[in-house]
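Asker: Sequence first, then the predicted structure:
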Amino acid sequence: MGSDKSVAFNFNVDQMRLKIRKLEQTLEKIYLGGGKKRIEKQHQNGKLTPRERITALLDPNSEQIEIGALAAHDMYEEHGGCPAGGVVTILGYVEGRQCIVVANDATVKAGAWFPITAKKNLRAQEIAMENNLPIIYLVDSAGVYLPMQDEIFADKEHFGRIFRNNAKMSAMGITQIAAVMGNCVAGGAYLPIMSDESIIVDKTGTIFLAGSYLVKAAIGEKIENEILGGATTQTEISGVCDYKVKNDHECILKIRDLMSRIGPQEKIAYDRIDTTPPLKQPQEVYGILPEDRTKPYDSYALIETIVDANSFTEYKASYGKTLITAYARIEGWSVGIIVNNRSVVKNAKGEMQFGGVIYSDSADKAARFIMLCNQKKIPLVFLHDVTGFMVGSKSEHGGIIKDGAKMVNAMANSVVPKFSIIIGNSYGAGNYAMCGKAYDPRLIVAWPTAEIAVMSGAAAAKTLLQIEVAKLKEKGEQIDSKKEKAMFDKIKARYDEQSSPYYAARNLWVDAIIDPIDTRKIISMGIEMAAHQQSLPEYKVGVLQT
């Protein structure tokens, strides 16, 4: 390795470590939920925090993935914020069984549901339904956050969809266990009772359609909450709940006991062999990916930090070179990988092609490879660093739209599990073709270097600036270079904020921002998760322009 390359490599490492440290610091703050004082109050009330409950519930020293930790990050500031969307969602293991755990955070607005809370709960249920996974609800919520009820109550993807999913999952035979470990009020009371089995904690757990204040206002009855819907009432009188337990710790033990009794289930046997470490240490990716996202880099070297050593078999290596399509293994699992090649390459005619751009030949190759993986029942992994499809008269005359549509059609109709890792740029239709959130990846995560938008901030700012300047000139206004630069900087700053991985994560466009060295774990746990699906439907594609 030459000195110049070493300097660039070390610089890239430093910049990546800074981004990872920023991520860690952000998550450390989020993990405190509503803050230390509210955590102390939770303990004083004899209750564990949601993260303490989950830690006690999950198998010791087992792997886990948190879904949506950055949900609502820097949102709802006028309402005091809503760290993690007021709910913690984990893919993990209980009694050796992979499952989804959803825990309300009562330190955040008493666990009230904001719009993003509903979206995050629906994402958890979506994962459980797609992959036939048990789901455990640790309920401690005051119900809908009333100041924003119009954004959470009545629409298809709002609060009520949660209970619809409860019913659908029950019909699908997906195990649902709910533990009432605090408040469970109003419409939210249906969630635990629409689950298969419910547990309620004595003295701290209550469940009712209306609390004592509302009961008095509605019908004039004066009654205490504990008598109205406490553990004794709901297990001995109404029969609403199935098990009464003394405290949070006993509740956790009861859930583990119920999980241990689930019988074996059919699984899809995706091919897996013993794993081998990657050819390159995963940490090497820190230096491979340049800080300047416009610069090319060795995509093959990046792949070597992710896939098992000596497992890489490239498909059509000399054709459609701006996309790398290959069979490989990750943690022993057989996968098909589709990677945007960020090197500048030459096609068969000797013409230069820009790295990260999808050309007609690349799209055509990818479509065929996706079909092959579906035929062979091989999960697909997409590594995004794409600026979009090639534009211009030559591409249009060559049919770039029909070739791009072919790739999107093959990918959208794919029945094997898909996993998306956004490592760099994910712009425009390139995001769609590479299995963005709209195309049902089983998991979609971003590296701290990711950018997700219609186009880059600089490109968007130039485009919008031209429009703004033209409008002002039509009105007779003179635009000097200083004013033009100020307008450009303002537009670019807004666009850069909206294309950052944090903006995507807060809106749940991605499930998480991860340290790049965790990529193998995400994919491996994801394929294990997807294997719980009992069967795959027949693979069919729609009408293709050829």
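Answerer: All right, it came through fine.
Asker: Show me what the longest helix seen in the chain packs onto, helices and strands only.
Answerer: In the chain, assigned by DSSP state H, the helix with the most residues is helix 3-30. Helix 3-30 sits against helix 285-288, with contacts defined as 3 or more CB pairs under 8 Å, 6 or more residues apart in numbering; DSSP states H and E. All C-beta atoms are positioned from the backbone trio N, CA, C, and that covers glycine.
Asker: Go again with 10 Å.
Answerer: Helix 3-30 sits against helix 285-288, helix 501-506, strand 512-513, with contacts defined as 3 or more CB pairs under 10 Å, 6 or more residues apart in numbering; DSSP states H and E.
Asker: Let me know the average pLDDT across that helix.
Answerer: Helix 3-30 comes out with an average pLDDT of 92.
Asker: quick revisit: tabulate the helices and strands packed on helix 3-30 (TSV), appending distance to residue 97.
Answerer: Formatted as TSV, those follow (distance: least, CB to CB, whole Å):
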stretch	distance to residue 97
helix 285-288	32
helix 501-506	28
strand 512-513	22
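Asker: pLDDT weak spots in the stretch 151-300 of the chain?
Answerer: Within the stretch 151-300 of the chain, no stretch has pLDDT under 70.
Asker: before we move on, back to that, okay if I get the helices and strands packed on helix 3-30 as JSON lines plus distance to residue 374 and mean neighbour count?
Answerer: Converted to JSON lines, the helices and strands packed on helix 3-30 look like this (distance: least, CB to CB, whole Å; neighbours: other CB atoms under 10 Å):
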{"stretch": "helix 285-288", "distance to residue 374": "29", "mean neighbour count": "23"}
{"stretch": "helix 501-506", "distance to residue 374": "28", "mean neighbour count": "22"}
{"stretch": "strand 512-513", "distance to residue 374": "26", "mean neighbour count": "24"}
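Asker: To residue 20, which of those lies closest?
Answerer: Evaluated over these, closeness to residue 20 peaks at helix 285-288, with 8.3 Å, by CB to CB.
Asker: So which bits of the longest helix of the chain are buried?
Answerer: 8, 9, 12, 13, 15, 16, 19, 20, 23, 26, 27, 30 (16 or more other CB atoms under 10 Å).
Asker: now swap in stretch 259-268 and tell me
Answerer: Across stretch 259-268, burial judged by 16+ other CB under 10 Å covers 259, 268.
Asker: Over to stretch 294-303?
Answerer: Here stretch 294-303 shows 297, 299, 302, 303 as buried, counting by 16+ other CB under 10 Å.
Asker: Could you do stretch 354-372 as well?
Answerer: Result for stretch 354-372 [16+ other CB under 10 Å]: buried residues 355-371.
Asker: do stretch 182-191 as well
Answerer: Residues of stretch 182-191 classed as buried by neighbour count (16+ other CB under 10 Å): 182, 183, 184, 185, 186, 188, 189, 190, 191.
Asker: Please identify which pair of the residues you listed lies farthest apart.
Answerer: 182 and 190 (16.3 Å).
Asker: so where do the strands sit in the stretch 101-250 of the chain?
Answerer: Secondary structure of the stretch 101-250 of the chain (DSSP state E, counting those that start in this stretch): strands located at 135-141, 176-185, 197-201, 206-208, 243-245.
Asker: looking at those strands, which is closest to residue 275?
Answerer: Nearest of these (CB to CB): strand 135-141, 28.4 Å.
Asker: before we move on, the earlier item: can you redo the buried residues of helix 3-30 as a markdown table with distance to residue 174?
Answerer: A markdown table is the format used below for the buried residues of helix 3-30 (distance: CB to CB, whole Å):
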| residue | distance to residue 174 |
| --- | --- |
| 8 | 50 |
| 9 | 47 |
| 12 | 44 |
| 13 | 44 |
| 15 | 43 |
| 16 | 39 |
| 19 | 37 |
| 20 | 35 |
| 23 | 32 |
| 26 | 33 |
| 27 | 29 |
| 30 | 29 |
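Asker: of those residues, closest to residue 136?
Answerer: Nearest member of these to residue 136, counting by CB to CB, is residue 30, at 21.3 Å.
Asker: So what angle separates the directions of the strand or helix carrying residue 92 and strand 176-185?
Answerer: Using DSSP states H and E, residue 92 maps to strand 87-94. With axes from the mean of the first three to the mean of the last three CA atoms, to 10 degrees applied, the angle from strand 87-94 to strand 176-185 works out at 150 degrees.
Asker: who does strand 87-94 touch, helix- and strand-wise?
Answerer: Partner elements for strand 87-94 (3+ CB pairs under 10 Å, 6+ apart): helix 50-57, strand 65-67, strand 97-104, helix 115-131, strand 135-141, helix 248-260, helix 519-530.
Asker: one more time with 7 Å, if that's ok
Answerer: When contacts are defined as 3 or more CB pairs under 7 Å, 6 or more residues apart in numbering; DSSP states H and E, strand 87-94 sits against helix 50-57, strand 65-67, strand 97-104, helix 115-131.
Asker: which of these sits most buried?
Answerer: Among the helices and strands packed on strand 87-94, ranked by average contacts under mean count of other CB atoms under 10 Å, first place goes to strand 97-104 (a mean of 24).
Asker: Next, the angle helix 519-530 makes with that strand.
Answerer: Using the same axes, to 10 degrees: strand 97-104 against helix 519-530 is 100 degrees.
Asker: Hmm, residue 325 and residue 315 touching each other?
Answerer: Yes. The pair residue 315 / residue 325 is scored as a contact, 4.6 Å apart, by CB atoms under 7 Å.
Asker: quick one on the thing from earlier: of all the buried residues of helix 3-30, which comes closest to residue 244?
Answerer: Nearest to residue 244 among the buried residues of helix 3-30: residue 30, at 33.1 Å, using CB to CB.
Asker: any idea how far that closest one is from residue 140?
Answerer: 18 Å (CB to CB, to the nearest Å).
Asker: Give me the residues contacting stretch 57-66.
Answerer: Applying CB atoms under 7 Å, 6 or more residues apart in numbering, the set of residues contacting stretch 57-66 from outside is 89-94, 96, 101, 252, 255-256, 512, 521-522, 525.
Asker: 6 Å instead?
Answerer: 90, 91, 92, 93, 252, 525 (CB atoms under 6 Å, 6 or more residues apart in numbering).
Asker: do the same with stretch 364-384
Answerer: Outside stretch 364-384, the residues that touch it by CB under 6 Å, 6+ apart are 315-316, 319-320, 323, 325, 334-339, 403, 406-407, 410-411, 414-423, 426, 434-435, 523, 527, 539.
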